[in-house]
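Novice: Here is a sequence together with a model predicted from it:
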Amino acid sequence: MSVRKVLLVAGEASGDLHGATLVHAIHEIDPSIAVSGVGGTHLRAAGMEILVDTAAVATMGFVEIIGSAGRFWHMYRLLVSFIQEQKPALLILIDYPEFNLLLAKRAKALGVPVFYYISPQVWAWRRGRVRKIARRVDRLATVFPFEAELYAKASPGNHGRPLAEFVGHPLLDMARPTRTRAETRSRYGLDAQRPLLAILPGSRRKEIRYLLEPAIVAARRLRQEGWQAAIALASTLRHTDLQEALDGGSVELPIVEDDTYNLVHAADAVVVASGTATLETALLERPMVIMYRVSPLTYAIARRLVNVAHIGLPNIVLDRGVFPELIQNDVSPENIAAAVRDVYARRHELAASLAEVRGRLGEPGAARRAARLAVELMP
């Protein structure tokens, strides 16, 4: 019997993490399935053959994507060649919508079934694209309950089955500490008594270019009030990326690698880039300040396309603005410091909202449920 091959594309750090748990779950069903594609350290550790490293293509915003057009076109041609030559039994796409939906169209034309895990956030932008997605994708596993409802209203599904199924959020299985707060603080030389600010400035170079410096300056100001701070370094970044984001300046703060969950758990407040890390922070039950800043042109375009009342995922899940959101020019040291003081003062009040976020994300086991849906599509 020939080995069934899967092509998987996870173009960002969060997709690499969720893709790894999905690959593990697929191998629990059928260990012989061979997975290749776009991913990073987590997918490599899960046994996937890396054709393109996530770190080489992770980007943010419309303008930044245009600047990386050459790399995206090269990756597209490489993956199409893989589909034509290796004839995979399934294409698995994780988030990363602009590129992945283009690849999905080509895969469908070549007769390869397409499975989308962590579906494009059409509820935030371009809701009219639901029907286009339905034409290009055979099945979606959604991680928010309202996503499945949106697809059900817009598309009857494929072959008598609903197009989308809510499987729960994979972070429910992942976002937990492995150490006590005291142990983590001791490991990184942090004071056991002083309040701790965890800084999560993002997983992409463009992102930290906009967010790292004001967060560090805010931490410096809070230090005068007794605070201490540490930075979580994403797996897609290196120490030199932090220095370049500061134009060669000193980072000054402890840098924590491959231990973000424990750092957040040990913190009293978190300053975090908008994205998946905000949900991780919520599941670790820490009050947060959410930052979002991109190039002015990217933001101008996004404002015309995005239709949501909130930008932070915990606020979107709750459908109300619980955690402060600093957007574009509001991302300043003064505003960050003030917002940190605010959430720290309200930390007991915010605990109920953090518990509510967890309750709305379903039950653990998302990757296993998604893996079953994916394997069902394979001939």
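Specialist: Yep, it's here. Numbers count the residues shown, from 1 in each chain.
Novice: so where's the stretch 201-350 of the chain uncertain?
Specialist: Applying pLDDT under 70 to the stretch 201-350 of the chain flags residues 305, 307.
Novice: That should have said the stretch 51-200 of the chain, apologies.
Specialist: For the stretch 51-200 of the chain (pLDDT under 70), the answer is 58-68, 122-128, 154-160.
Novice: how about the strands in it?
Specialist: Along the stretch 51-200 of the chain, the segments classed as strands by DSSP state E, counting those that start in this stretch run 90-94, 114-117, 139-142, 164-166, 196-200.
Novice: and the ones you listed, which is most packed in?
Specialist: Across these, averaging neighbours per residue (mean count of other Cβ atoms under 10 Å) puts strand 90-94 on top, at a mean of 28. For glycine as for every other residue, the C-beta is placed from the backbone atoms N, C-alpha and C.
Novice: next one: it to chain centre, how far?
Specialist: 16 Å (Cα atoms, centre = their mean, to the nearest Å).
Novice: So which residues make contact with that strand?
Specialist: Here strand 90-94 makes contact (Cβ atoms under 8 Å, 6 or more residues apart in numbering) with 4, 6-11, 15, 18-19, 22, 37, 83, 100-101, 103-104, 107, 112-118, 137, 374, 377-378.
Novice: Note down every partner strand of that strand and its orientation.
Specialist: Take DSSP bridges as the rule and strand 90-94 pairs in its sheet with strand 5-10 (parallel), strand 114-117 (parallel).
Novice: who does the host helix or strand of residue 304 touch, helix- and strand-wise?
Specialist: For residue 304, the host element (DSSP states H and E) is helix 296-305. If you count contacts as 3 or more Cβ pairs under 8 Å, 6 or more residues apart in numbering; DSSP states H and E, helix 296-305 packs onto helix 62-67.
Novice: For the strands of the stretch 51-200 of the chain, could you give me TSV that also reports distance to residue 69?
Specialist: Below are the strands of the stretch 51-200 of the chain laid out as TSV (distance: least, Cβ to Cβ, whole Å):
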stretch	distance to residue 69
strand 90-94	20
strand 114-117	23
strand 139-142	27
strand 164-166	30
strand 196-200	29
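Novice: Residue 178: which of those is closest?
Specialist: strand 196-200 (15.9 Å; Cβ to Cβ).
Novice: Helix or strand next in line after the closest one, which one?
Specialist: helix 205-223.
Novice: what's the spacing between residue 249 and residue 216?
Specialist: Applying Cβ to Cβ, to the nearest Å, the value for residue 249 to residue 216 is 9 Å.
Novice: Looking at the two, which has the bigger crowd around it?
Specialist: residue 216 (24 against 12; other Cβ atoms under 10 Å).
Novice: Roughly how far does residue 173 sit from residue 47?
Specialist: 18 Å.
Novice: Could you report the neighbour count for residue 15?
Specialist: Around residue 15 there are 28 other residues, counting by other Cβ under 10 Å.
Novice: follow-up on the earlier one: and of the strands of the stretch 51-200 of the chain, who's closest to residue 72?
Specialist: Closest to residue 72 of the strands of the stretch 51-200 of the chain is strand 90-94 (Cβ to Cβ; 14.6 Å).
Novice: Please put the alpha-carbon coordinates of stretch 210-220 into CSV.
Specialist: Only the C-alpha atoms of stretch 210-220 are listed here, as CSV (Å, rounded to 0.1, in the frame of the first residue of the first chain):
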residue,chain,number,x,y,z
TYR,A,210,6.3,48.9,15.9
LEU,A,211,5.6,47.5,19.4
LEU,A,212,8.7,46.6,21.3
GLU,A,213,10.2,50.0,22.0
PRO,A,214,7.1,51.7,23.5
ALA,A,215,6.5,48.6,25.6
ILE,A,216,10.1,48.7,27.0
VAL,A,217,9.9,52.4,27.7
ALA,A,218,6.6,51.9,29.5
ALA,A,219,8.2,49.1,31.5
ARG,A,220,11.0,51.5,32.4
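Novice: contact partners of that stretch?
Specialist: So stretch 210-220 is in contact with 197, 199, 201-202, 227, 229, 231, 242, 245-246, 251-253, 271, 273, 291, 293-294, 331-334, 336-337, 340, going by Cβ under 8 Å, 6+ apart.
Novice: If any of the residues you listed are buried, put those into a PyMOL selection.
Specialist: The PyMOL selection below is limited to those of the contacts of stretch 210-220 classed as buried (16 or more other Cβ atoms under 10 Å):
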select buried, resi 197+199+201+202+227+229+231+242+245+246+253+271+273+291+293+294+331+333+336+337+340
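Novice: Please work out how many residues are found near residue 250.
Specialist: 9.
Novice: cool, residue 153 as well?
Specialist: 8.
Novice: where exactly do the helices run in the stretch 201-350 of the chain?
Specialist: 205-223, 239-245, 260-266, 276-283, 296-305, 313-318, 333-345, 347-359 (DSSP state H, counting those that start in this stretch).
Novice: Tabulate those (TSV), appending distance to residue 184.
Specialist: Shown next, in TSV, are those (distance: least, Cβ to Cβ, whole Å):
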stretch	distance to residue 184
helix 205-223	18
helix 239-245	20
helix 260-266	4
helix 276-283	15
helix 296-305	35
helix 313-318	22
helix 333-345	18
helix 347-359	18
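Novice: Out of those, which is the most enclosed?
Specialist: helix 276-283 (a mean of 26).
Novice: Ignoring the adjacent residues along the chain, who's closest to residue 191?
Specialist: residue 228 (5.8 Å; Cβ to Cβ, 6 or more residues apart in numbering).
Novice: ok, that neighbour - how many residues close by?
Specialist: 21.
Novice: hang on, isn't it packed against residue 194?
Specialist: Yes - Residue 228 is within contact range of residue 194, at 5.0 Å (criterion: Cβ atoms under 8 Å).
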